[in-house]
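Peer 1: Fold the stuff below for me.
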Amino acid sequence: HVQLVESGGGSVQAGGSLILSCAASGSIYGDACVGWLRQAPGKEREGVAAIGMDGRTSAADSVKGRFTISKDNAKNTLWLQMNDLRPDDTAMYFCAAGRPRDWADERGYNFWGQGTQVTVS
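Peer 2: Model prediction:
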């Protein structure tokens with residue numbers, strides 16, 4: 001059973017940057033779509049960015065040009081570099097792995113981290 005553990009969240013002022021990390025207990029990043037999803041209070045969980053099994057990256061329009069997803073399969077680590085943060089980026093951020101048909105659809109992910117809070121003021 002693979003476990004995912006996020007870190008790197010926190011509070012930052014608008015325009016600031018954060019880097020989120022997600023460490024996997026097993027070698028899953030080379031055999032699955034891996035992504036970051038977020039959930040703001042009172043809202044549905046939404047896809048932020050993902051790396052498909054073919055290595056291609058996808059990102060939500062709201063974060064394109066500001067957020068960058070990357071991974072190191074050998075280190076079993078996934079990152080999300082977040083720049084130019086805005087108040088509406090405030091949410092709990094989750095890393096996830098699986099084989100979704102749609103990278104942004106939470107239902108396709110089988111493994112989840114516990115989440116890390118990002119607050120932008």
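Peer 1: doesn't residue 88 fall inside a helix?
Peer 2: Yes: checked against DSSP: H, G, I helix; E, B strand; the rest coil, residue 88 lies within a helix.
Peer 1: Now do the contacts for it.
Peer 2: For residue 88, the contacting residues are 40, 62, 120, by Cβ atoms under 8 Å, 6 or more residues apart in numbering. The way it works is simple: take the backbone N, C-alpha and C, and place the C-beta from them, glycine included.
Peer 1: pLDDT wise, what is the closest residue to residue 93 other than its chain neighbours at?
Peer 2: Leaving aside its sequence neighbours, residue 93 sits nearest to residue 38 (Cβ to Cβ, 6 or more residues apart in numbering; 4.8 Å). Here the pLDDT value assigned to residue 38 is 98.
Peer 1: Helix or strand: which one has residue 38?
Peer 2: According to DSSP states H and E, residue 38 maps onto strand 33-39.
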